[in-house]
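Student: 3D model of this:
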Amino acid sequence: MQPLYIALLIIGYFSVLILISFLTGKSATNATFFKANNSSPWYLVAFGMIGASLSGVTFISVPGWVEGQQMSYMQMVFGYVIGYAVIGLILLPLYYRLQLTSIYTYLETRFGYFSYKTGASFFIISRTIGAAFRLFLVANVLQLILFDAYGIPFWVTVTITILLIWLYTFKGGIKTIVWTDTLQTLFMLIAVAVCIVMIKDQMNIDNLSTYISENKLSKIFFFEDVKAGNYFWKRFFSGAFIAIVMTGLDQDMMQKNLTCRNLKDAQKNMFWFTIVLVIVNFFFLALGILLTDYAATHEINAHKDQLFPIIAMSGDLGIATSLFFLLGLIAAAYSSADSALTSLTTSFSVDILDINKKETVKEQEQIRKKTHILFSFILIATILIFKYGIADNSVIANIFTAAGYTYGPLLGLYAFGLFTKLNVKDQLVPFACILSPILAFGINLLTKKLWGFDFEFFILVLNGLITFLTLLIIKKNEHATN
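Tutor: I've put the predicted structure just below:
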C-alpha cells in the first residue's frame, strides 16, 4: 500500500472524528467534558468501551502472543467476567450513590485527604504508562508503514499522534469520546472480520471452527505446572483482579460509565460489554492462529508484535486487508488513547488541582484546558522514553506487568475501604502504597530465584494483598463512621 494512500486514509479518518467533535462540543462546559451531562445512551457506552478496553495493543499484541503462549490468554479473559461482575454489582452502585466525577473522591470520604491524593496519583502514573505503551506500539507501526517513507523522524510521528487526539477531545471531552469510540470500535471489529476471512480464503480453509479447534496452538487451559506464568488459576484470578483495577478502579473506564443516565443503565452497559468482550477476544486469538500458520506456510519471518502488521501490509492478502488493518489499528489505538488523555485531565484537575473549589467557571475551564495540554506533552515524553528503553517482549505483557505494580495499591485501598469498617492513619497511607510494590517486586524476584515460581500478572494480587496488610498495621482503633 502506497504511503500516499495511507496518508489520505488517515486524513479522511480524522476529519470524521473532528466533525464529530465539532457536533458534540457545541456549548460544551466542564460538566460536558467530565461527565457528558449524564446523557449518554448506555448501549453506545457499552459498544464504545469494547474498543477502549481492547486498544491497539490487543489488535496487534494478542494475535502475536499466540505463537508463544497458544490461547492461554483466554484464561485471563474468563477471569475478566468475574471482575466485571464485581464492578457492576459493587463499585457502580457506590459511585452512583456518591454522585462522583472522579472515582477517587471515595477515598477521601472513606479514609482522608492523603489517601485520596495517593489513590489519584497512582492512577495518573499507571494510566500515563499504560496509554504511552499503547501509543508507542501504534506510533511504531505508523513510522514503519508511512512516516519512514517521507523521512519523518519518530518524535514527529509521536507528536502528530498526540496532536490529533488533542484536536478532537479538547472541547467536548468525554461526550465526544462516547461517540467517537462507538465509530472506532465498529471499524476495529470490521477489520478483524475482514482479515480472518481473507486469510481463510488464502489458506483454502473449508471449516474455520474445525481448523481452529484442531490446531496445536488452540490450547486454552494450562493446569500442568503451577510454577509457570500461564498456569490456569494464576491467569484466571489475575484476569479477575486486572478487570477490577483496570476498569472498576480506573477513572478512564469508569468515567464513561458515569455518563449514563442512571445506575440501571450503567449496569446494563457493563453486562453486555462483558459478553461481547469475551467473544471479541476469542476472535483475536483465532486470528493469531491463522496469522502464525500463514507466516510459517509462506516462510515469513515475523513474530510477536510484528506478525500482524507485516502480513497485513505486505499486500499478499490484497489491498482490502491492508486498508482494513490500518483502519482497525488506528481505530483501536485512538479509542483507548483519547479517553486516557481525557481521564488524566479529569483526575488531575479534580483530584490534584481541586478544580471544583475554584470560584469562577472561567477559572475552572482555564485549569482544565491547561491540564489537557500538559498531559499531551507528558504522553509525548513518555513514549519517547519507551522508544529507547522498552524490553523485547510483547507490549501487552509490559502493560499487564506495569498494571500489577501501579494498580496494586489501589486494589488494596479499595478492598480495605469496602470490606472492613476500620480506619487508618491517613498520613501513613502514601508510605504504605509506595512500600507495597517494592516488596512485591522483591518477593517475585526471590520466588523465581529459589523455586522458579513466577507470579507473572498475579503480581497485582500480591501487591494488593501487601497493601491491605500494611493498612491493617497502620489502622486506627476507632471504626469508620461512613
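
Student: Pull the number of nearby residues for residue 417.
Tutor: Residue 417 has 23 neighbouring residues, counting by other Cβ atoms under 10 Å. All C-beta spots, glycine's among them, are computed from the backbone N, C-alpha and C.

Student: Contacts only, for it.
Tutor: 106, 107, 110, 111 (Cβ atoms under 8 Å, 6 or more residues apart in numbering).

Student: Please tell me how far the residue most central in space within the chain sits from residue 339.
Tutor: With distances taken as Cα atoms, centre = their mean, residue 53 lies nearest the centre of the chain, 4.9 Å away. Computed as Cβ to Cβ, to the nearest Å, the residue 53 to residue 339 distance reads 10 Å.

Student: intersection of neighbour lists for those two?
Tutor: Residues within reach of residue 53 and of residue 339 at once, by Cβ under 8 Å, 6+ apart, are residue 253.

Student: before we move on, back to that, and the next helix or strand past the helix or strand containing the residue nearest to the centre of the chain?
Tutor: Assigned by DSSP states H and E, residue 53 belongs to helix 42-69. Following helix 42-69 in sequence order, the next helix or strand is helix 73-86 (DSSP H and E).

Student: rewinding a little: in strands, which of the contacts of residue 417 appear?
Tutor: Among these, no member falls in strands (DSSP state E).

Student: And the residues you listed, which is closest to residue 441?
Tutor: Closest approach to residue 441 among the contacts of residue 417 (Cβ to Cβ): residue 107, at 23.8 Å.

Student: for that closest one, what are its contacts?
Tutor: Per Cβ under 8 Å, 6+ apart, neighbours of residue 107: 115, 116, 118, 119, 120, 413, 414, 417.

Student: same thing with residue 115?
Tutor: 107, 108, 413, 424, 426, 429.

Student: what does residue 156 give?
Tutor: Here residue 156 is in contact with residue 147 (Cβ under 8 Å, 6+ apart).

Student: change the start of the numbering to 423 and stick with it
Tutor: New numbering, starting at 423: the last item is residue 578.

Student: In a strand, it, correct?
Tutor: No: going by DSSP: H, G, I helix; E, B strand; the rest coil, the assignment for residue 578 is helix, not a strand.

Student: That one and residue 634: what is the separation?
Tutor: Residue 578 is 41 Å from residue 634, by Cβ to Cβ.

Student: Check residue 618 too.
Tutor: As for residue 618, its distance to residue 634 is 10 Å (criterion: Cβ to Cβ).

Student: now swap in residue 532 and tell me
Tutor: Distance from residue 532 to residue 634, by Cβ to Cβ: 47 Å.

Student: Then residue 823?
Tutor: Remark: distance between residue 823 and residue 634 (Cβ to Cβ) = 28 Å.

Student: Settle it for me: which of these two has more neighbours?
Tutor: For residue 823 and residue 634, the more surrounded residue by other Cβ under 10 Å is residue 634, and the numbers stand at 19 against 16.

Student: Pull up the gap between that one and residue 694, please.
Tutor: Remark: distance between residue 634 and residue 694 (Cβ to Cβ) = 25 Å.
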